[in-house]
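Asker: this is a predicted model, with the sequence first.
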Amino acid sequence: MEMPIANRLDKLPPYLFADLRRKIADRKARGIKIISLGIGDPDIPTPAPIIDELARAVADPGDPNRHRYGCDCPVADLPAAIMNFYRRRHGVELAENQIAVTSGSKDAIVQFCLGLLNPGDLGIAPQPGYPTYNIGHVFCSAQTHYLPLRRANGWLPDFKEIPPDTARQAKLLWLNYPNNPTTAVAPLDFFREAVEFGRKHNILVCHDSAYSENTYDGYKSPSILEVPGACDTAVEFYSLSKGFSMTGWRVGCVVGNASAVKALRLVKDNADNGTLRAIQFAAAAALGKFETLTPPINAVYRRRRDLVVKALGEAGWPVETPKATIYIWAPVPEKYRGSSASFAEDLLEKAGVVITPGLGYGVAGEGHYRISLTYPDQVIGEAMERIRRIAEQ
Ligand SMILES: *Cc1c(COP(=O)(O)O)cnc(C)c1O
């Protein structure tokens, strides 16, 4: 029997990759070897010291609570490690009431919206951008105003483009640097501007720093909380997923504005039961060793980044070398007249290579495509070989 589903699910944006996914399945069924560079989920295993700590903690006979609800038996080491991390990495001092431990940022974005938005409220989200900000709004029957990011402005938004009515109404502003999908980074001065904008219009600035540790060539990504007084009007979503190769572990935090953190905690207290204690111990261990654990991971991505940048350049489709993230964001080759979908389709059809069309991140992403570096070197190498052959045609 077909059961009626909630109207809110009808409001979710259509899954733009559904069509591409169908085409991939079709090729696979015909025995064509497909190489996907589409998904941003690290292939590099979680570093051994983090796994060791998980194994220790989950089997620790001295911890009678090790199997229990992570919310009722929280590991005090984790907020302490988060405080320490923000102090050492960013020079930011956090208080206990400015930290909420989360099950990763995707989950936390939706829960956060539930704690902050009423039906009919307005949130501002970047485009191209991570889709979950808008999805959080949709689940709250709130609206999204899209703020375009453009290459000409280094993929940073221009707050002056936000209409006065929108600025007056909006409750949340989402930002994400280093940025998915554009790979852009933001200087601290940009965050200063964002904090000022938030303060002026009474908007909570929500910075998603999922890629803050995935940086190269000595670049260090700032936290929005480094701006003096940022906690008055900003929060940061931090996650161990990408920096420590821990996507499946589901652990991160939201830090900053205490009243927003309190609202998120209240939602979480009522909607989930926290993270397994062993994962909390392991996350604390990871944060405590970020200086030694993240560089080997980044060395792998940097090598792949250089491989792709070089190959695309040689193919006559030059791209900029990103300072951060686990992606390459590139303009669609000229002959496709800016259509990322036709480029993606051609690559799939003629080369069996899957890339992500920029249009999937909203119309402002059109004209570009994204390659993920989360695949083994040989896989990326083979994909580049195939792309080179297509480019020569
Ligand atoms: C991957 C990603 C996340 C999600 O990370 P989790 O903590 O694993 O949920 C959040 N934001 C952006 C921009 C991402 O690319």
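Answerer: Yep, it's here.
Asker: can you pull the residues of this protein lying near the ligand?
Answerer: Applying Cβ under 6 Å from any ligand atom, we find that the chain lies next to the ligand at 40, 104-106, 130, 176, 180, 208, 210, 239, 241-242, 247, 252. For the C-beta atoms, the positions are set from N, CA and C on the backbone; glycine is no exception.
Asker: could you identify the most distant pair in these?
Answerer: The span of those, defined through Cβ to Cβ, is set by 176 and 247 at 16.5 Å.
Asker: higher neighbour count, the two?
Answerer: Each of residue 176 and residue 247 has its neighbours counted (other Cβ atoms under 10 Å); residue 176 has more, 25 against 17.
Asker: residue contacts, residue 146?
Answerer: Applying Cβ atoms under 8 Å, 6 or more residues apart in numbering, we find residue 146 in contact with 124-127, 129, 362, 364.
Asker: could you list which of these belong to strands?
Answerer: Here DSSP state E is the test, and the contacts of residue 146 give 124-127 as lying in strands.
Asker: quick one: residue 330 is in a strand?
Answerer: Yes - Residue 330: assigned to a strand according to DSSP: H, G, I helix; E, B strand; the rest coil.
Asker: what about it, neighbour count?
Answerer: Residue 330 has 21 neighbours, counted by other Cβ under 10 Å.
Asker: that one bridge partners, please.
Answerer: Residue 330 has these beta-bridge partners by DSSP bridges: residue 369.
Asker: report pLDDT for the nearest residue to residue 28 once chain neighbours are set aside.
Answerer: Once flanking residues are discounted, residue 28 sits nearest to residue 34: 5.7 Å by Cβ to Cβ, 6 or more residues apart in numbering. pLDDT for residue 34: 91.
Asker: and for residue 264?
Answerer: Per-residue pLDDT puts residue 264 at 98.
Asker: which residues does it contact?
Answerer: Residues near residue 264 by Cβ under 8 Å, 6+ apart: 100, 102, 108, 111-112, 115, 254.
Asker: and residue 147, its phi and psi?
Answerer: Main-chain torsions, residue 147, degrees, to the nearest 10: phi -110, psi 120.
Asker: was I right about it contacting residue 127?
Answerer: Yes - Residue 147 lies in contact with residue 127 (Cβ atoms under 8 Å); the separation is 6.7 Å.
Asker: what sits closest to residue 245 if chain neighbours are left out?
Answerer: Closest residue to residue 245 apart from its sequence neighbours, by Cβ to Cβ, 6+ apart: residue 42 at 4.3 Å.
Asker: okay, now the one you found: neighbour count?
Answerer: 23.
Asker: same check, this time on residue 197
Answerer: That count, for residue 197 with other Cβ under 10 Å as the rule, works out to 19.
Asker: list the contacts of the longest helix along the chain.
Answerer: For the chain, the longest helix by residue count, based on DSSP state H, is helix 290-314. The contact list for helix 290-314 (Cβ under 8 Å, 6+ apart) reads 42, 44, 47, 49-50, 85, 89, 213-217, 243-245, 286, 318-322, 326, 328, 330, 371, 373, 375, 377, 380-381, 384-385, 387-388.
Asker: filter these down to the buried ones and hand me the PyMOL line.
Answerer: Per 16 or more other Cβ atoms under 10 Å, the buried members of the contacts of helix 290-314 correspond to this PyMOL selection:
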select buried, resi 42+44+47+50+85+89+213+214+215+216+243+244+245+286+319+322+326+328+330+371+373+375+380+384+387+388
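Asker: farthest pair within the ones in strands among the contacts of residue 146?
Answerer: 124 and 127 (10.1 Å).
Asker: show me where the stretch 1-150 of the chain has its strands.
Answerer: Taking DSSP state E, counting those that start in this stretch, the strands of the stretch 1-150 of the chain run over residues 35-36, 99-102, 122-127, 143-148.
Asker: closest to residue 167 out of those strands?
Answerer: Between residue 167 and the strands of the stretch 1-150 of the chain, the tightest spacing by Cβ to Cβ is seen for strand 122-127, at 8.4 Å.
Asker: partner strands of the closest one and their direction?
Answerer: With DSSP bridges as the test, strand 122-127 is paired with strand 143-148 (parallel), strand 170-175 (parallel).
Asker: just the contacts of residue 146 now: which is nearest residue 197?
Answerer: Nearest to residue 197 among those is residue 124, at 9.9 Å by Cβ to Cβ.
Asker: contacting residues around the closest one?
Answerer: Counted by Cβ under 8 Å, 6+ apart, residue 124 has contacts 144-147, 162, 166, 170, 172-174, 203.
Asker: now pLDDT too, for those, in JSON lines please.
Answerer: Conversion of these to JSON lines gives the following (pLDDT from 0 to 100):
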{"residue": "144", "pLDDT": "97"}
{"residue": "145", "pLDDT": "98"}
{"residue": "146", "pLDDT": "97"}
{"residue": "147", "pLDDT": "97"}
{"residue": "162", "pLDDT": "97"}
{"residue": "166", "pLDDT": "98"}
{"residue": "170", "pLDDT": "98"}
{"residue": "172", "pLDDT": "98"}
{"residue": "173", "pLDDT": "98"}
{"residue": "174", "pLDDT": "98"}
{"residue": "203", "pLDDT": "98"}
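Asker: show me where the chain dips below the pLDDT cut-off.
Answerer: Applying pLDDT under 70 to the chain flags the ranges 16-17.
Asker: domains in it, by residue range?
Answerer: If you go by automatic domain parsing, the domain ranges for the chain are 7-45+292-392, 48-289.
Asker: give me the residue from the stretch 251-393 of the chain nearest the ligand.
Answerer: residue 252 (4.8 Å; Cβ to the nearest ligand atom).
Asker: list phi and psi for that residue.
Answerer: Note on residue 252: backbone dihedrals following degrees, to the nearest 10 are phi -170, psi -160.
Asker: hang on, isn't it packed against residue 99?
Answerer: No - the criterion here is Cβ under 8 Å, and residue 252 misses it with residue 99 at 11.0 Å.
Asker: no more questions from me, cheers.
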